[in-house]
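**Q** Generate a structure from the sequence data that follows.
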Amino acid sequence: MSYTLKAPVQHELVIKKSRFLATVMPVADRAEAQHVVQGLRQQHPTAAHVCWALLAGGQSAAVDDGEPGGTAGRPMLEVLRRQDLEGTLAVVVRYFGGVKLGAGGLVRAYTDAVAQALLGAEKAVRVAQSQARCSVPYALEGWLRRTLAAHQAQLLATDHGDVVTVCFRLDTAALAGLQTELNEGGQGQLRWHDPE
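**A** Residues are numbered from 1 along each chain as shown. I've put the predicted structure just below:
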């Protein structure tokens, strides 16, 4: 069984005058993770390193951002794995304090920063999610949106072309029931498309 976090958590660690600002948060995919990392780079323009680790199935990553290879991203990724987390991003912003920590010291610092942040985290069982995409005539857009909302589907994108095309995300277990309801309510005017 895998878990995710209910909300982002943060922790600050100071080792030999270097500040390590850890943020661990739930993310949907690599694109969202990269967006968060970019935002942290902009918030901390004078930081020496913005290292990160993402555990998200086939989109997982470990980035050292200039630290010696394997001393930042990989240790953070291992902390996420040991906690059975999935769909989770760990980012550590480092402000260099002038004292080199050595490879072992860096591994311990990045590991501890993420582990300490997770001590205060609330976990939730991760529920598998699926994406789907369909289109309807404009006259059925309101009905489609109400039906998606009633099933707690997350609307990801809407395209208003010749017809209204929506992309949404929903718990995998609930998708088949929603598709059946949409097919029946769409009166033959609803079309399904490849989610990508």
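
**Q** my read is residue 80 is in a helix, agree?
**A** Yes - counting by DSSP: H, G, I helix; E, B strand; the rest coil, residue 80 falls inside a helix.

**Q** domain ranges for the chain?
**A** Here the domain parsing of the chain from automatic domain parsing is 3-125, 129-193.

**Q** most neighbours per residue, which of these?
**A** Of those, the one with the most neighbours on average (mean count of other CB atoms under 10 Å) is domain 3-125, at a mean of 18. The way it works is simple: take the backbone N, C-alpha and C, and place the C-beta from them, glycine included.

**Q** Now the terminal residues of that domain, how far apart.
**A** 4 Å (CA to CA, to the nearest Å).

**Q** tell me the mean pLDDT over that domain?
**A** For domain 3-125, mean pLDDT is 94.

**Q** so what strands line up beside whatever helix or strand residue 53 lives in?
**A** Assigned by DSSP states H and E, residue 53 belongs to strand 49-55. Strand pairing for strand 49-55, using DSSP bridges, gives strand 61-63 (antiparallel), strand 88-95 (antiparallel).

**Q** contacting residues around the spatially most central residue of the chain?
**A** In the chain, the residue lying closest to the centroid (CA atoms, centre = their mean) is residue 27, at 1.1 Å. By CB atoms under 8 Å, 6 or more residues apart in numbering, the residues touching residue 27 are 33, 36, 54, 56, 87, 88, 89.

**Q** Can you tell me which of those lies closest to residue 164?
**A** residue 87 (29.1 Å; CB to CB).

**Q** if I look at residue 42, how far off is residue 19?
**A** Going from residue 42 to residue 19 by CB to CB, to the nearest Å gives 18 Å.
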